[in-house]
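**Student:** This is the structure alone, sequence omitted:
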């Protein structure tokens, strides 16, 4: 009977720990990139109302079922409701093999006609520009995961904050879903917006890691969602400031406009001269103008000011254009119409 009481007490403490962690109160892993070569990324998300000092945290790799971690101390600061991109430190453009550089979006080739070197830049393949912290230039470090290594986020005192994979288990090529499809090798995984905290488990209890329960899967070398994360947390801090992205003193952290916006040589007209449907949308947007438009640009901008979509139009038929936002993660965004005469801004929501 005493053993049973002790077991129930331990179980209740463990359940209590899980429940109390589901209140958007600490960092968690929001994106996992296991790409080709050295394209390895862990993104952390701060769902709280306060900046978080990363010097209080450690990232660890548990290689091939090992029960001994390879840790690395972190540095930097994550602002409230912001994401922080951590990448393996391989930036030498002349590196090869194990020292091959992470992708920077540039592809250099020899032109078949001129026989001269030429290059093409593809923004979607630019990982380098999205990184906030480079770590682990040498192999024996946390960022050298390859699909079958558990990765953990911990405090410097050793408390687990988030666990990706299962410590002590070697799944072979990688962990799979219920159908047997491997998710953790050659994929980008994004935490579902319903997840509000890191995941931990009781090592004394049976546990199977199924990444499909908390993660969405994207193809290898998908980097377009790095740097921001959509989370169903309500801990958004109210900050007064200029919320107009076209103002010279725009504050990306401001949530309440205080009338302080200033403009320098920018022609602004905030009247709503276009409509969008459907809104919310499942990635396909129709934009209807109330007047003729020629030579204009459509941009979709995140709430922190990052341009996620941009397309120029010479003219439109029947005052209507359609844009496809399949590469944009669900969340709230600004649609901006730029022309020689006016700038229009409207808020949209992208759903699953």
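**Tutor:** Sure thing, it's come through. Just so we're clear, the structure is a prediction, and the values are computed from it rather than from any experiment. Numbers count the residues shown, from 1 in each chain.
**Student:** Spell out the residue ranges of the helices in the protein.
**Tutor:** 2-20 (DSSP state H).
**Student:** Show me the contact partners of stretch 172-185.
**Tutor:** 32, 34, 146-148, 165-166, 171, 189, 209-212, 215, 217 (C-beta atoms under 8 Å, 6 or more residues apart in numbering). Placement of C-beta: from N, CA and C, glycine included.
**Student:** swap the cut-off to 7 Å and go again
**Tutor:** 34, 146, 147, 148, 165, 189, 209, 210, 211, 212, 217 (C-beta atoms under 7 Å, 6 or more residues apart in numbering).
**Student:** Distance check, the residue nearest to the first one when sequence neighbours are not counted against residue 36.
**Tutor:** The spatially closest residue to residue 34, leaving aside those adjacent along the chain, is residue 147, at 5.3 Å (C-beta to C-beta, 6 or more residues apart in numbering). Residue 147 sits 12 Å away from residue 36 when distances are taken as C-beta to C-beta, to the nearest Å.
**Student:** higher neighbour count, the two?
**Tutor:** Per other C-beta atoms under 10 Å, whichever of residue 147 and residue 36 has more neighbours is residue 147, with 18 against 12.
**Student:** Do a quick rundown of the strands in the stretch 1-150 of the chain.
**Tutor:** For the stretch 1-150 of the chain, the strands defined by DSSP state E, counting those that start in this stretch cover 28-34, 40-46, 52-53, 57-62, 70-73, 77-78, 82-88, 104-110, 117-126, 133-135, 150-155.
**Student:** Any chance of CSV for the ones you listed, columns mean pLDDT, distance to residue 233 and mean neighbour count?
**Tutor:** Below are the strands of the stretch 1-150 of the chain laid out as CSV (pLDDT from 0 to 100; distance: least, C-beta to C-beta, whole Å; neighbours: other C-beta atoms under 10 Å):
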stretch, mean pLDDT, distance to residue 233, mean neighbour count
strand 28-34, 98, 10, 25
strand 40-46, 97, 9, 25
strand 52-53, 96, 14, 16
strand 57-62, 98, 19, 23
strand 70-73, 96, 26, 16
strand 77-78, 96, 14, 17
strand 82-88, 96, 12, 23
strand 104-110, 83, 32, 12
strand 117-126, 85, 28, 12
strand 133-135, 97, 23, 17
strand 150-155, 97, 17, 21
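**Student:** nearest to residue 332, of those?
**Tutor:** Of all the strands of the stretch 1-150 of the chain, it is strand 82-88 that lies closest to residue 332, at 14.9 Å by C-beta to C-beta.
**Student:** State the paired neighbours of that closest one in the sheet, together with their directions.
**Tutor:** Strand 82-88 sits in its sheet next to strand 40-46 (antiparallel), strand 133-135 (parallel), going by DSSP bridges.
**Student:** For residue 58, which of the ones you listed is the nearest?
**Tutor:** Closest approach to residue 58 among those (C-beta to C-beta): strand 133-135, 11.1 Å.
**Student:** Residues touching that closest one, excluding its own?
**Tutor:** Contacts of strand 133-135 (C-beta under 7 Å, 6+ apart): 72, 74, 75, 76, 84, 86, 87, 89, 91, 141, 143.
**Student:** cool, and stretch 109-126?
**Tutor:** Contacts for stretch 109-126 (C-beta under 7 Å, 6+ apart): 103, 104, 105, 106, 107, 108, 221, 223, 224.
**Student:** before we move on, back to that, can you add distance to residue 95 and give the strands paired with strand 82-88 back as a markdown table?
**Tutor:** Shown next, in a markdown table, are the strands paired with strand 82-88 (distance: least, C-beta to C-beta, whole Å):
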| stretch | distance to residue 95 |
| --- | --- |
| strand 40-46 | 14 |
| strand 133-135 | 14 |
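**Student:** Those strands: which one's closest to residue 331?
**Tutor:** Nearest to residue 331 among these is strand 40-46 (12.6 Å), distances taken as C-beta to C-beta.
**Student:** quick one, that closest one and strand 57-62 angle?
**Tutor:** Per axes from the mean of the first three to the mean of the last three C-alpha atoms, to 10 degrees, the angle that strand 40-46 makes with strand 57-62 is 140 degrees.
**Student:** Find the centremost residue of this protein, please.
**Tutor:** Against the mean C-alpha coordinate of the chain, by C-alpha atoms, centre = their mean, the closest residue is residue 226 at 3.6 Å.
**Student:** Relative to residue 43, how far out is it?
**Tutor:** Distance of residue 226 to residue 43, given as C-beta to C-beta: 6 Å.
**Student:** Which neighbours do these two have in common?
**Tutor:** Overlap of the contact sets of residue 226 and residue 43 (by C-beta under 7 Å, 6+ apart) consists of 31, 85.
**Student:** In this protein, what helix or strand scores lowest on average pLDDT?
**Tutor:** Between all helices and strands in the chain, the lowest mean by mean pLDDT, DSSP states H and E belongs to helix 2-20, at a mean of 37.
**Student:** picking that back up, so the residue nearest to the centre of the chain sits right up against residue 85, yeah?
**Tutor:** Yes: using C-beta atoms under 7 Å, residue 226 and residue 85 qualify as a contacting pair, with a distance of 5.1 Å.
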